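> Let's see this in three dimensions:
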Amino acid sequence: MQQYVLARIVTMTGIDIGLFDYDRHNSIYFFILNADEQIYLRYGGRDAEDAGTYLDLSSIELAMRRGLEQHELFKASKLPKQPRPTPMFPQEIVSLKREIIDRNRCVECHLIGDYLAQDQEKAGALDKIKTLWPSPDLKTLGIHLDVPKGLVVGKTEGAAARAGMRAGDLITAFNQTPVLTFGDLQYRYGKLSRNASAIRLTVERGGNERTLTLKLPIEWWYTDTSFRFWTVEPMVYFTSKPIAPGRKREFGFEANGFASEVISVDPLGKSLKAHTLRPGDIIYAVNGMATSKLTRNIELYIKLTTRAGESVKLKLLRDGRPMEMTLKTYRQSFRK
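Numbering: from 1, shown residues only. Okay, the predicted model is just below:
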C-alpha cells in the first residue's frame, strides 16, 4: 500500500463518471490507475446475496500486487494504452443537477444511476434490462470463485461445467479482453448485450491457456434487485412462481406462458390498495398477453413493460374460477 497514492472519494461532484464507470450500487469500489488516468484494474463488485461476497483482505492484497505489476509493464512500455472514455460529469444529468447539485447536496453514487435512469425514462430512451440489472450474477452461469484467490474457480456447475470449466482454472479474459479481478470480470459481463447467447472465457490451466464458450441461460442477466433503489422500477407488491408443466397442460396454458402462482403478498400493497391478490391465485395474462419473448417471470414482465405508477390488467384463476383484476404499480421512494 505504501507504493500507492491513495485517494478516497467522498462525493461524486466534479468526478468524471465517464472514466470512473461502474455499478453505482456497490458498497465499496476501487480503481487502480496511473497518473495518466489509465485504469489498470477494478476491485469491488457484489451479488444479490451480500455486499461483501467478493471482498476480503486476501483478494484486495492480490489486486494491489497485480496493480503494481501492471504499472511496471506500463513503465516499460509493454502495456497497450487504452482509449479514454468520453468524459461525463454529474452536472450533465439534468434532474441530478436540479435536485441535488443546485441544492448543495452530496452527490452520492446511487443517485447518479437513478437520476440518469429518470432522465432516460422521460426521454423514452431507458433500456430497463440493462439499467435495472447492470451486474449479472456469475453464479447463474455456475461459476463459483475461490474469492481469496481472485479469479481462481472454486467450483463449477451448470453452463460453466458444460463448457468444460474446472475448479482451479484461473479466468484471464472475458471475450478476449483481459481481466485481473472479479471487479474487472463483473464490469465486462455487465456491459454485454442482453441479446447475447454466449460468452468466451479464457482460462489458465496447468500453465496453458484455453478459451471456453459458455452458452447463456434464459434470463442470464436477471438478478435479485431488492437491495437496490430504483425509482424507475414499478413496485408490484407480490411474488409468484411458475406452476409445473403438468398443471399448465391441465389448465390449457401455453408451455412457455406466464402461468404463475402467487406465493406471497406484500402488506404494503394492501394498504396502498395496489391489488387484491391472494396466495394461491394463478396469474396467466397481463394486459391480455400470456407469453413474452422478454421473460417467463410475470413480475419481471410487468416491471419491463410498465412505467412506475401505471396500472395493468391481470387475468387469473382463483380457486379454479377465472377473474380479472387491476394492479396499480407505484414508484419506490427513498432518501435523496
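> Kindly give the local confidence score, pLDDT, for the residue nearest to the spatial centre of the chain.
Centroid-nearest residue in the chain, with CA atoms, centre = their mean: Ser135, separated by 2.6 Å. Ser135 carries a pLDDT value of 94.
> now swap in Trp230 and tell me
At Trp230, pLDDT is 89.
> Check the burial of it by counting its neighbours.
Applying other CB atoms under 10 Å, we find 22 residues neighbouring Trp230. Every C-beta, even on glycine, is put in place using the N, C-alpha and C of the backbone.
> now Val232
22.
> Could you look up the SS state of it?
Secondary structure, DSSP: H, G, I helix; E, B strand; the rest coil: Val232 is coil.
> could you say which helix or strand contains Met325?
In this assignment (DSSP states H and E), Met325 forms part of strand 321-328.
> For that strand, buried residues please.
For strand 321-328, burial by neighbour count (16 or more other CB atoms under 10 Å) applies to Leu327, Lys328.
> So what touches it?
236, 272-277, 302, 309-317 (CB atoms under 8 Å, 6 or more residues apart in numbering).
> This structure: helices as residue ranges?
57-75, 94-99, 109-122, 128-132, 158-162, 182-190, 245-251, 267-271, 298-305 (DSSP state H).
> How far away from the center of its chain is the first one?
Right, helix 57-75. 26 Å (CA atoms, centre = their mean, to the nearest Å).
> My read is that the residue nearest to the centre of the chain contacts Gly45, right?
Yes - between Ser135 and Gly45 there is a contact at 7.0 Å, judged by CB atoms under 8 Å.
> between those two, what contacts are shared?
Asp23, Gln186.
> dump the residue contacts of the residue nearest to Leu96 when sequence neighbours are not counted.
Counting by CB to CB, 6 or more residues apart in numbering, Leu96 lies nearest to Tyr115, which is 3.8 Å off, once chain neighbours are set aside. By CB under 8 Å, 6+ apart, Tyr115 lies in contact with Ile93, Ser95, Leu96, Glu99, Ile100.
> ok, 10 Å please
Residues in contact with Tyr115 (CB atoms under 10 Å, 6 or more residues apart in numbering) are 90, 93-100, 107, 231-232, 336.
> Tell me the buried residues within those.
Pro90, Ile93, Leu96, Lys97, Ile100, Val107, Thr231, Val232.
> What's the mean pLDDT across the strand holding Met325?
pLDDT averaged over strand 321-328 gives 97.
> List the neighbouring strands of that strand plus their orientation.
strand 311-318 (antiparallel) (DSSP bridges).
> Report the angle between the partner strand and helix 298-305.
Interaxial angle, strand 311-318 versus helix 298-305 (axes from the mean of the first three to the mean of the last three CA atoms, to 10 degrees): 160 degrees.
> buried ones in strand 311-318?
Neighbour counts using 16+ other CB under 10 Å place Val312, Leu314, Lys315, Leu316, Leu317 of strand 311-318 among the buried residues.
> next one: it to chain centre, how far?
29 Å.
> Contacts for that strand, please.
Against strand 311-318 from outside (CB under 10 Å, 6+ apart): 234, 236, 243, 251, 253, 258-262, 274-278, 280-290, 298, 301-302, 305-306, 322-329.
> hmm, which of these are the buried ones?
Judged by 16+ other CB under 10 Å, buried ones among the contacts of strand 311-318: 234, 236, 243, 253, 258-262, 274-275, 277, 281-286, 298, 301-302, 305-306, 327-329.
> on that earlier part again, out of the buried residues of strand 311-318, which one sits closest to Leu201?
For these, the residue nearest Leu201 by CB to CB is Val312; the value is 38.9 Å.
> and this structure, what are its domains?
For the chain, the structural domains run 138-215, 234-331, going by automatic domain parsing.
> what about the shortest one, start to end distance?
From the first residue to the last, domain 138-215 extends over 13 Å; the measure is CA to CA, to the nearest Å.
> for the nearest residue to Gly45 once chain neighbours are set aside, what are its contacts?
Nearest residue to Gly45, sequence neighbours excluded (CB to CB, 6+ apart): Gln186, at 4.2 Å. Neighbouring residues of Gln186 by CB under 10 Å, 6+ apart: 22-23, 26, 42, 44-47, 54, 134-138, 174, 179.
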